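K.L.:
Quick one, fold the following:
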Amino acid sequence: MSWVNELARPDIVALKVYEHAAWRPQLERLHANELPWSPFGGDPAGGLNRYPEPQPRALVDRLAALYGVARESVLVGRGSDEAIDLICRAFCRAGHDDVLVCPPTFGMYAVSARIQGAQVIEAPLRSAHGFALDEAAVLERCGPATKVVFLCSPNNPTGNLLDEAAMLRIARALAGRSLLVVDEAYIEFCGRASLAAVLREQPNLALLRTLSKAHGLAGARCGALLADPQVIALLRKIIPPYAVPRLTLDAALAALEPAALEATGARLTMLRQERARMLLELAKLPSVERVWPSEANFALAEFADAGAALARAAAAGLLVRDARSYPGLARAVRISIGTPQQNSRLLEAWS
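P.N.:
Numbers count the residues shown, from 1 in each chain. Purely as a prediction, here's the structure:
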């Protein structure tokens with residue numbers, strides 16, 4: 001038996017896969033109970049009246065090339081959220097297994113685990129050390145029932161990178177016991193390379209990637225899981241058969257064209273420059289008590305009066321994120337880096 005089958009839920013391993021309508025684009029379609037006319041006119045063979053290709057080959061190939069992995073290591077879905085949910089459902093038995101998270105971090109890891117009925121174990125980041133990963137605590141709290149460990153680097157909402165060597169040591173220590181999922185949603189905004197290069201040598205490591213952030217497709221809902229082909233094959237058993245809508249597919253393929261990727265690179269350069277400016281200027285404001293370093297597309301600042309800061313931003317027509325509900329961030333506000341003009345308006349509102 002493979003290591004994935006031993007780690008995954010036995011009922012998912014044994015699950016009979018739903019047989020979606022065959023994908024044979026060279027033939028005219030009379031097999032999927034679709035309407036033969038497009039609702040907006042145009043080509044009835046390729047319009048929205050037709051179900052999209054399950055795991056579209058063109059998109060999988062483009063993402064595999066972009067991320068430097070084999071196509072068999074890519075699962076495409078509706079943002080990173082779908083992959084998080086699939087992982088929890090495939091590996092965690094309700095009432096038996098648990099998931100480990102490192103707060104303060106992205107809330108969907110714990111939400112998806114709890115929806116599945118898994119217990120959530122915490123190994124908090126070390127706030128006194130810049131929200132560093134507590135490697136010893138992670139390994140200590142991973143018990144026999146810990147099936148999944150979620151790490152986010154750069155972390156949301158703190159913006160810091162987690163120690164790469166520590167993450168890989170955790171992956172090696174948990175080999176055969178747990179799946180280590182590293183969320184790289186913000187990796188394009190920092191100077192560190194993705195962990196994709198080590199996926200082959202560390203099969204219990206999986207990576208979350210998204211087109212929502214750096215590529216500006218948050219509204220399209222398109223993300224990818226990069227993982228060992230056995231993990232991908234398992235999750236393909238439970239992902240909905242038509243997970244990538246046609247409009248999302250078209251938008252994603254357009255965003256991955258060479259000219260679009262070049263434009264994305266230029267925008268990333270501008271955003272990093274604006275991030276540096278915002279971190280510097282925020283630290284000068286008398287109402288700001290602390291600004292945390294950031295390798296993401298946002299800044300995290302602690303205010304003497306976070307409620308007043310939120311109100312002043314709203315009065316200037318700008319919405320920033322109230323981060324006070326995160327553990328250890330009782331006076332914090334998270335600011336997405338906007339255009340230079342938006343950033344200047346926000347600084348002026350807080351001056």
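
K.L.:
Next, the buried residues of the lengthiest helix in the chain.
P.N.:
Secondary structure of the chain read by DSSP state H shows that its longest helix is helix 258-284. Judged by neighbour count using 16 or more other CB atoms under 10 Å, the buried positions of helix 258-284 are 264, 268, 271-272, 274-275, 278-279, 281-282. In this view, the C-beta of every residue, glycine as well, is placed from N, C-alpha and C.

K.L.:
Check which helices and strands that helix sits against.
P.N.:
Applying 3 or more CB pairs under 8 Å, 6 or more residues apart in numbering; DSSP states H and E, one finds that helix 258-284 contacts helix 246-255, strand 288-292, strand 298-303, helix 340-350.

K.L.:
do that again at 7 Å, thanks
P.N.:
strand 288-292, strand 298-303, helix 340-350 (3 or more CB pairs under 7 Å, 6 or more residues apart in numbering; DSSP states H and E).

K.L.:
which of the ones you listed is buried the deepest?
P.N.:
Comparing these by mean neighbour count (mean count of other CB atoms under 10 Å), strand 298-303 ranks first with a mean of 24.

K.L.:
Which stretches in the stretch 1-150 of the chain count as helices?
P.N.:
3-7, 10-13, 57-67, 79-91, 108-116, 135-141 (DSSP state H, counting those that start in this stretch).

K.L.:
and the last one, how far from the chain's centre?
P.N.:
Pointing back at helix 135-141 there. Mean-position distance between helix 135-141 and its chain equals 23 Å (CA atoms, centre = their mean, to the nearest Å).

K.L.:
and it, what does it pack onto?
P.N.:
Packing partners of helix 135-141 (3+ CB pairs under 7 Å, 6+ apart): helix 164-173.

K.L.:
Tell me the helix or strand right after the helix it packs on.
P.N.:
Note on helix 164-173: by DSSP states H and E, the next helix or strand toward the C-terminus is strand 179-183.

K.L.:
so the helix or strand following that next one versus helix 108-116, what angle?
P.N.:
Later in the chain than strand 179-183, the nearest helix or strand by DSSP H and E is strand 205-210. For strand 205-210 against helix 108-116, the angle by axes from the mean of the first three to the mean of the last three CA atoms, to 10 degrees is 110 degrees.

K.L.:
List of residues touching strand 205-210?
P.N.:
67, 79-80, 83, 171, 179-185, 194-196, 198-199, 223-227, 231 (CB atoms under 7 Å, 6 or more residues apart in numbering).

K.L.:
May I have the residues that are in contact with the residue nearest to Arg236 when sequence neighbours are not counted?
P.N.:
Distances taken as CB to CB, 6 or more residues apart in numbering place Leu75 nearest to Arg236, at 6.5 Å, with adjacent residues excluded. Contact analysis of Leu75 by CB under 7 Å, 6+ apart lists 83, 224-225, 232, 235-236, 239.

K.L.:
Now the buried members of those residues.
P.N.:
Using 16+ other CB under 10 Å as the burial test, the contacts of Leu75 include 83, 224-225, 232, 235, 239 as buried.
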